[in-house]
Each structure stands twice: as C-alpha cells, then as structure tokens.
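Colleague: Next input, structure requested:
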Amino acid sequence: CQAGWYRKSVEVAASARSCFDCPAGTDCPYGSTTLPTLHLRRGSWRIAGQARQVEVCRTTPTGATSCQGGSDAGNDGEGYCAPGHRGPQCEVCIDEGHYFEWRSASCTRCPPATHYVMIYSLLLCIPTTLLCAASVIHHRSPRARQAIRRIFAVLKSLRYESKVKLIIGFVQVVAVIGKVYSIAMPGLFRAVLQSLEALYLDVLSDMFAPSECLGGYANLLLLEVGLPLALMAVGALAVFIVYVLRRLRQEPGAMKQPRKLFKDAGKTSAMIVLRAALWLLVFFYASVSSSIFGAFHCLRFVEDSDQRLYREFLAKSLDIECPSDGHAGSDAYFQLRSIALILVFMWPLGCFGGLAILLVRIRKAVLRRRPTELSHATCMLTRDYKPAYYWWDLADMFRKLVLNSLVVLVPERIAFLRLIVALLVSVLCLA
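Modeller: Model (predicted):
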C-alpha cells in the first residue's frame, strides 16, 4: 500500500480494495504497514493490534502524556505506554503506591498519610474556626451582633438559599457531562467543563485523595458514604454536650431531672444537625451518588474490529475489567459491585426516602402556614417555593440523581440513550 494507507495483514495482497486510509492518530509508512503494525503517534493508544479504533490519551498543555505510541501493541496495549504505565489509555500504574495524576498525565507516588491528614484537617478546621469566631463575636459584641443580623437580613431578602442550590445543582450536572455521557466535545467547551470540575464538590475525588492511594475504589466509596454520616454524628454529639454544659451552667439544679435534660438536649441537637444535614445533601448528594453508580459505569474499547470484539473497563478505576465479549471480568469488579449495591440503598435511595418522609411530616404545617419546630428547622427546603410546591427539592434531587448517576446504567454500547433519557427528564422538570 502507498504511504498513508494500510492493509489488514501481510497475507492480503495490496490493492485498491484491500488498502485503507490510515486511522487518525497513526502513521502508515510506504509498503510496510498492516493493521497490527500501524504506527501510533505519541498521545494515541489502542488495546490490541486488530483494533482500528485509536483512542486519544490524556495530554497536558505542555505535551506530556503517558502514551508514547509505537508499532507494537504488546499485552493489552501496554506496548504503546511509557515505562511504569499500562492499561486503557496508559492510565494504570504498574508500581504499587503510585496513582495516575491527570494534571501531569503520568504516574506519581502517593503522598504520605500525613499529607491527607493535613488536607482534611484544614477542610474541617477552617469552617469550624470561622463558625466559632462568629459565635464568640456575636455573643460579646453588640455592634457585631447588629452587623451579623443585617448581613443575614440582606441575604434573606436576596433569597440566597435557592440561588446557592441552583448554582450547585448546575455545576453538579454540567461538570460531569463528558464523563457520564461518553461524548466528545470541542476543545473550548471541554476546557470550560474542566474549570467547572474545580467547583464540583467531591472532597474524596482525585483532586484530594486518589482511589489508588486509599487501597482501591471500594475503599473510596466506603469513605465517601461514611464521611458525611460521621460528620453528622460528631456534630450531633458536640451540640448535645454543649447544650448540656450550658444548661447546667444556667440551671445548676437541672441535673436533678436528667431524663428531661437529656431529652431537651437530644431534641435541640437533632434540630440543629437536621439543618446541617440538609445542606450536606445539597453539597454532596449528587457527587457521592455519582461515585457509587460509577461502580456500574464501564468504558468500551475495541479489541478486534473485524470480529467486533470489545473489552470493557471501569471508568472510575481503569485497572478493573468489566464483563464483556468473551471476558468474564475481574474478581475486583464483582466485589465492588456488591459493595456498591449496598451503598445504593444507604445513600442515594436512603437519602431520597428520608427527605420524602421529612416532607410528608411537614406537609400540613407548610400548606396551612402554621410553622412547627420541625418545619422551621427544615425551612430551607420550602421557604423559596409556593406552599403547593413544597416538594420541589425532592423532585430536583431525583433530577440530579437521574442526570448524574442512574443514566450510567445504560450500557456503553448504546450510550446515546443516556442523552435521550436526560433530555426527557430535563423537559419533564421544566414542564
């Protein structure tokens, strides 16, 4: 075949019918190129020599990439990878204790445990310190108390809660469009989405703690679900203790009725933690749900174009192989799927059901405009809506769950159906 063309194998005679255009991302030197010996350029990868589909690897603005190209696919495409890399698009690290760092497009050694302790300590300490400082100033300075009340009055007049929820909801859906729907996008649009990912609140994402450094994707899921629950439990305990100590300081004889004291403390802490829990759901429900359903989201790669054979790997952890044509899938996949099924009932469905029950409990108070202690504690759910639409936050939660998570249950081979489902749900929510 001429330069820029290739034939299926050396057994096939070169002719106008047996020579094909060189695929994008490859070079075909004159007279010596067959499908298995296609020369992949730097930044390109395929899983096997019989695959015509060539994948584009992650490349930094400076041109760094883990895909060095070449003419030999090796074992599962490893021949196209730089040393220390393997797997789909060369994004799996060979050495233990390393993870694929997407900013540098290369495998990097995991930081020590103290690094993560410092990061999460700062994430917890900064808001806690600000809240404590504001509380102290509020109680000790009348002028500061008036200023804080004015600030909250302005924010309330602006209905900041609904605006914050709208912005967060928009980012949570839009930032992951490319990953969830498996669609190629223009460079400018892709750059905008990558900038939005910085606002995608997932404190256990690769930006903070890569799954490889936590012992695998299953450990990451357990941490993502456990962290918000642990925060709520610690917050409830802290509020309970503070309430009891303050009550004993104001009423030294309150300990004579411990049952009443602890009941009041439990009720107060429950209402305060409920407010915080609702905001935690706003910030983390979509991201944690997306991670859980990520255990069912597999990417498909062509193994043999003529035989139409494919192999699939978990999108969130490319070292885990999913069941596909002639491949049973790795044991890690089935273990992860079992854990994910349990977590689906604990977080996405559990939180959704809990919010539904809560709205049923406050329904009469909202419709009759007669606030109760529970409806007042959960007013961020209903305050910005007409009473008849008190349930809208639940509908919006379902919308984000579908657009961010449930659509990945549609198999990769018919991924276009994800867009159709997403369009129908979005139109339904607008109707």
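Colleague: contacts and neighbour counts: CA atoms only from here.
Modeller: Noted.
Colleague: Off-centre distance for stretch 327-336?
Modeller: 21 Å (C-alpha atoms, centre = their mean, to the nearest Å).
Colleague: And stretch 369-382, by the same measure?
Modeller: For stretch 369-382, the distance to the chain centre is 31 Å (C-alpha atoms, centre = their mean).
Colleague: Residue 337 is in contact with residue 296, isn't it?
Modeller: Yes: Residue 337 lies in contact with residue 296 (C-alpha atoms under 8 Å); the separation is 7.0 Å.
Colleague: Neighbour count for those two, which is higher?
Modeller: Higher neighbour count among residue 337 and residue 296: residue 296, with 23 against 18, using other C-alpha atoms under 10 Å.
Colleague: Tell me which residues touch that one, please.
Modeller: Applying C-alpha atoms under 8 Å, 6 or more residues apart in numbering, we find residue 296 in contact with 314, 337, 408, 409.
Colleague: Try it again at 7 Å.
Modeller: Applying C-alpha atoms under 7 Å, 6 or more residues apart in numbering to residue 296 gives the contacts 408, 409.
Colleague: And the pLDDT for it?
Modeller: pLDDT for residue 296: 93.
Colleague: ok, which stretches of this protein are helices?
Modeller: Ranges of helices in the chain, per DSSP state H, are 113-140, 142-157, 160-174, 177-181, 187-197, 217-250, 258-293, 331-346, 348-367, 373-377, 379-382, 392-404, 416-430.
Colleague: Quick one: closest of those to residue 87.
Modeller: helix 331-346 (15.3 Å; C-alpha to C-alpha).
Colleague: Going by neighbour count, which residues of the closest one are buried?
Modeller: Across helix 331-346, burial judged by 16 or more other C-alpha atoms under 10 Å covers 333, 334, 336, 337, 339, 340, 343, 344.
Colleague: The helices of the chain into a markdown table, with extra columns for distance to residue 98 and mean pLDDT?
Modeller: Shown next, in a markdown table, are the helices of the chain (distance: least, C-alpha to C-alpha, whole Å; pLDDT from 0 to 100):
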| stretch | distance to residue 98 | mean pLDDT |
| --- | --- | --- |
| helix 113-140 | 13 | 73 |
| helix 142-157 | 46 | 75 |
| helix 160-174 | 28 | 83 |
| helix 177-181 | 23 | 83 |
| helix 187-197 | 23 | 69 |
| helix 217-250 | 14 | 86 |
| helix 258-293 | 21 | 88 |
| helix 331-346 | 19 | 94 |
| helix 348-367 | 31 | 93 |
| helix 373-377 | 45 | 89 |
| helix 379-382 | 43 | 88 |
| helix 392-404 | 29 | 91 |
| helix 416-430 | 33 | 88 |
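Colleague: could I get those helices as TSV with distance to residue 325?
Modeller: Listed next are these as TSV, based on distance: least, C-alpha to C-alpha, whole Å:
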stretch	distance to residue 325
helix 113-140	40
helix 142-157	56
helix 160-174	32
helix 177-181	22
helix 187-197	31
helix 217-250	24
helix 258-293	22
helix 331-346	16
helix 348-367	31
helix 373-377	53
helix 379-382	47
helix 392-404	27
helix 416-430	20
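Colleague: so which of these comes closest to residue 44?
Modeller: For residue 44, the closest of these is helix 187-197, at 17.0 Å, according to C-alpha to C-alpha.
Colleague: Give me the distance between residue 73 and residue 307.
Modeller: Look at residue 73 and residue 307: by C-alpha to C-alpha, to the nearest Å, they are 18 Å apart.
Colleague: out of the two, which sits in the more crowded spot?
Modeller: The neighbour comparison of residue 73 against residue 307 (other C-alpha under 10 Å) goes to residue 73, with 24 against 10.
Colleague: where does the more buried one fall, phi/psi-wise?
Modeller: Main-chain dihedrals, residue 73, degrees, to the nearest 10: phi -70, psi -30.
Colleague: ok, it - contacts?
Modeller: By C-alpha under 7 Å, 6+ apart, residue 73 lies in contact with 47, 48, 49, 79, 80.
Colleague: Please apply the same query to residue 60.
Modeller: 103, 104, 105.
Colleague: Just confirm the last one contacts residue 67, I think it does.
Modeller: Spelled out, it's residue 105. No: contact criterion C-alpha atoms under 7 Å: residue 105 and residue 67 do not qualify, at 9.2 Å.
Colleague: Looks like residue 292 contacts residue 221 (just checking).
Modeller: Yes: if you go by C-alpha under 7 Å, residue 292 and residue 221 touch, sitting 6.3 Å apart.
Colleague: okay, the two: which has more neighbours?
Modeller: Set residue 292 next to residue 221 and count neighbours by other C-alpha under 10 Å: residue 292 wins out with 29 against 24.
Colleague: Identify the residue nearest the more buried one in space, chain neighbours excluded?
Modeller: Of all residues not flanking residue 292 in the chain, residue 340 sits nearest, at 5.7 Å (C-alpha to C-alpha, 6 or more residues apart in numbering).
Colleague: go on, residue 280?
Modeller: Nearest to residue 280 is residue 228, by C-alpha to C-alpha, 6+ apart, at 7.2 Å.
Colleague: How much space separates the one you found from residue 142?
Modeller: 35 Å.
Colleague: Kindly report the same for residue 28.
Modeller: Distance from residue 28 to residue 142, by C-alpha to C-alpha: 78 Å.
Colleague: count of neighbours near residue 161?
Modeller: Residue 161 is flanked by 15 other residues according to other C-alpha under 10 Å.
Colleague: In contact with it, which residues?
Modeller: residue 380.
Colleague: what separates it from residue 168, distance-wise?
Modeller: Distance of residue 161 to residue 168, computed by C-alpha to C-alpha: 11 Å.
Colleague: try residue 287
Modeller: 11 Å.
Colleague: same question, residue 304
Modeller: For residue 304, the distance to residue 168 (C-alpha to C-alpha) stands at 42 Å.
Colleague: Tell me which residue lies nearest the centroid of the protein.
Modeller: For the chain, the residue nearest the mean C-alpha position is residue 287 (4.1 Å; C-alpha atoms, centre = their mean).
Colleague: Wait, residue 79 touches residue 71, no?
Modeller: No: with contact defined as C-alpha under 7 Å, residue 79 does not reach residue 71; the gap is 8.0 Å.
Colleague: the more surrounded of the two?
Modeller: For residue 79 versus residue 71, the count of surrounding residues by other C-alpha under 10 Å is larger for residue 79: 23 against 18.
Colleague: which ones are touching that one?
Modeller: Residue 79 neighbours (C-alpha under 7 Å, 6+ apart): 72, 73.
Colleague: from here on, count from 455
Modeller: Sounds good: first residue 455 from here, last item residue 533.
Colleague: Can you read off the pLDDT for it?
Modeller: 93.
Colleague: Kindly report the same for residue 660.
Modeller: Predicted confidence (pLDDT) for residue 660: 59.
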